[in-house]
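A.B. asks: Predicted model and sequence below, questions to follow.
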Amino acid sequence: MNQSISKLRNIGIAAHIDAGKTTVSERILFFTGVNRKVGETHDGQATMDFMKQEQERGITIASAAITAQWNGYQINLIDTPGHVDFTIEVERSLRVIDGMVAVFCAVGGVEPQSETVWNQADKYRVPRIAFVNKMDRTGADFQEVVNQMHKYLGANAVPLHLPIGVENTFEGMIDLVQMNSVRFIEKERIVGPIPENMMEQALEARRNLIEKVADLDDEIAELYLEDKEIPTDKLMSAIRQATIKLMMVPVLCGAAYKNKGIQLLLDAVVDYLPSPNDLGAVIAHDPANEEKTYQRNPSENEPFAALAFKLINDPYVGQQTFIRIFSGKLTNGMSVYNTNKMKSERVGRIFRIKAKEREEITEANAGEIVALVGMKYTKTGDTLCAEDKQPILLESINIPPAVIEMKVNIDDKKNRNKLGEALAKLCNEDPSFRAHFDEETEETIIAGMGELHLEIIVDRLKEEFKVPVTVGAPSVSFRETITAPFECNYKYAKQSGGKGQFAHTVIRFEPNPGGGFEFVDITKGGVIPKEYIPSVQKGLAAAMNKGPLDVKCVLVDGSSHPVDSSDMAFQLCAQMCFKQAFMKASPVLLEPVMKVEINTPDDYIGNVTGDVNKRRGRIEAMRRFRKGSQKLDAFVPLMEMFGYATALRNLTSGRANYSMEFHNATRKTDFGHVKKQSPRNSMELRGLYFGIQERFIQSPLFW
């Protein structure tokens, strides 16, 4: 076992917004000697919140990494955002850390985003300890938070602390493992005996702790049943093993703002959270055969393997690529292989990151989190491995789908290129942010995880990239179709001296529900020469490219001229024939309808269904999702879904989530006749539509 790797802790701090994550991080940096003074979020001086937008709003937006030392151990710390709009930052951090500190507010307890973060940690099987913060606040209740962890998170939460005092009388805690009291005066901790008036309560809490551990460890169970004294080191070892195996969650308490409990939290990180050695080998796949797997142990002697989990653009050194090294050693100038892009990359410089500061190093070993400069092709979720060894593919990072869209406008055409470059950089940094230019509406569309997410993006465009943009809701594209057959006889003739243009077609147009555009030729006797039949089809397709859907066009008859007929003449004739017929074939306007899947706790089911009905939606099905939660399937017009993410959070205190997609089945619903869109030129979109007006309307096009 590599001793240096066993003394390494890669941890993340995650929680609901305003639980005090950044304050905890700042105290950790102070007590580990990284900072000489404490930075605060409320005055914009926090080390970990170094972005201008973070300092102005007093919230964490982007995860920040920093390295600290504690009692001979190296701690790589990642502070993550608590707001649901920045959930991608939590997702990619959890993919590369070994352990997590979940911070809970002693007043708020288990809040909606706490559940989201906890479920994300469950997905990546991240061992964690809990820190109940703000014990000095009015309404603080340590035991209630522990009870809520059992109830809402399904966690085997086991307190290792017993608070001494509460609210404004909070002084410190009783350490149930060491069986002593720890009080705090300013930034000093004072260890002493347990107060006599709390001894009985402490013994009861200690007995409860030992019973919980005995259920998970045979050696502790044997000592407990024989009523023998349990050595502290054996108890700590048993708690550590149970935590690493995700069988229990140790719970600590404190008040980070008043510097109470941070040293004990650091001790717990070292004592109970795993090193890369404890978690063992990472499993990788063969890029050519997913069934074939390889193991990479956290050792310098293994082939190099790392995962890129974050990109940021630094104004001084350019693009920085954050990686977690799972095995092997990385040195300056080394060539590595990007398995996802199937390209070789050369490592320019290696940095150990300290929030916005950088420390250049010449090499990095297994288990470390570092930033690389000079990577050309590597993006978030890419695997980097040794160039001269078998290529491997590590599990990537789940990118949640965007839930809200906006259009961005720029008045000055000279800045259009600057906007494109800025959006490309932001998309590289943040995979949950997407941008594209819609050719039909000539709008630049940006999509993200919520209104705050896009607000931050727009703010960065203006402040960081100096691009003056305005924003608004994107246009919704409507389509049209016909509901009755109509036969049109159209003759196209043009003579302007010299060779003219002549084409004659008779075409029957019929509704074609769900069939898209269909062309049938039933002419006989060569009334239209064979070489001009494709021209008729091409002209009809061009006429329907930006509007009508689901129309069957039957070429019945026609005529040609031996000199004046041409490919272009028949294309134009077919287009004119369609335009003339369309208005007489009972056209209707079609609106896109989304299939929406909503996951909501039982408590809010009435609010959610009522809101769906108000949005002209219809509930299709309702089923049990998990204990205490329901899953709803509904069909809702796209026009009514703008801003739904925010509305759903308000209705359910942030505890519900949803996803939506274009429904691709032809069906008859309460909306009217539902149609299926034919493949389109830009995105091959297949959507669900219904008629809303018995007249033709020229509508703005979105897709």
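C.D. replies: Done, it's in. Numbers count the residues shown, from 1 in each chain.

A.B. asks: before we move on, what SS does residue 527 have?
C.D. replies: coil (DSSP: H, G, I helix; E, B strand; the rest coil).

A.B. asks: what residues are up against it?
C.D. replies: 557-560 (Cβ atoms under 8 Å, 6 or more residues apart in numbering). Every C-beta, even on glycine, is put in place using the N, C-alpha and C of the backbone.

A.B. asks: Show me which pair in these is furthest apart.
C.D. replies: 557 and 560 (11.5 Å; Cβ to Cβ).

A.B. asks: So between these two, which is more surrounded?
C.D. replies: residue 560 (20 against 17; other Cβ atoms under 10 Å).

A.B. asks: Which residues does the helix or strand containing residue 650 contact?
C.D. replies: Per DSSP states H and E: residue 650 is located in helix 644-651. Residues from elsewhere that reach helix 644-651 (Cβ under 8 Å, 6+ apart): 84, 112, 403-404, 449-451, 598, 604, 607-608, 611, 615, 656-658.

A.B. asks: swap the cut-off to 6 Å and go again
C.D. replies: 403-404, 450-451, 607, 611, 656 (Cβ atoms under 6 Å, 6 or more residues apart in numbering).

A.B. asks: Just say helix, strand or coil for residue 177.
C.D. replies: coil.

A.B. asks: So for it, what pLDDT did the model give?
C.D. replies: Note for residue 177: predicted pLDDT of 94.

A.B. asks: mind listing what it touches?
C.D. replies: residue 160.

A.B. asks: mind showing which ranges of the stretch 251-400 of the chain have poor pLDDT?
C.D. replies: Scanning the stretch 251-400 of the chain with the threshold set as pLDDT under 70 gives 315, 354-356.

A.B. asks: now do 80
C.D. replies: The stretch 251-400 of the chain contains residues with pLDDT under 80 at 312-318, 353-358, 398-400.

A.B. asks: can you count the residues close to the closest residue to residue 294 other than its chain neighbours?
C.D. replies: The shortest distance from residue 294 to any non-neighbouring residue, by Cβ to Cβ, 6 or more residues apart in numbering, is to residue 284 (4.9 Å). Residue 284 is flanked by 24 other residues according to other Cβ under 10 Å.

A.B. asks: And the contacts of the host helix or strand of residue 241?
C.D. replies: In this assignment (DSSP H and E), residue 241 forms part of helix 232-244. Outside helix 232-244, the residues that touch it by Cβ under 6 Å, 6+ apart are 127, 213, 216-217, 220, 248, 271-272, 274, 278.

A.B. asks: Looking at those, which is nearest residue 523?
C.D. replies: Closest to residue 523, out of all of the contacts of helix 232-244 and judged by Cβ to Cβ, is residue 127, at 74.1 Å.

A.B. asks: these two touch, right, the closest one and residue 97?
C.D. replies: No: in this structure, residue 127 is not within contact of residue 97 by Cβ atoms under 6 Å, at 9.8 Å.

A.B. asks: For those two, indicate the residue with more neighbours.
C.D. replies: residue 97 (29 against 25).

A.B. asks: isn't that one right up against residue 10?
C.D. replies: Yes: the criterion here is Cβ under 6 Å, and residue 97 meets it with residue 10 at 4.9 Å.

A.B. asks: and residue 285, what are its bridge partners?
C.D. replies: Under the criterion DSSP bridges, residue 285 forms beta bridges with residue 293, residue 393.

A.B. asks: So it is in contact with residue 393, correct?
C.D. replies: Yes: the criterion here is Cβ under 6 Å, and residue 285 meets it with residue 393 at 4.7 Å.

A.B. asks: neighbours of the nearest residue to residue 436 once chain neighbours are set aside, just the number please.
C.D. replies: Leaving aside its chain neighbours, residue 436 sits nearest to residue 445 (5.7 Å; criterion: Cβ to Cβ, 6+ apart). If you count neighbours by other Cβ under 10 Å, residue 445 ends up with 17.
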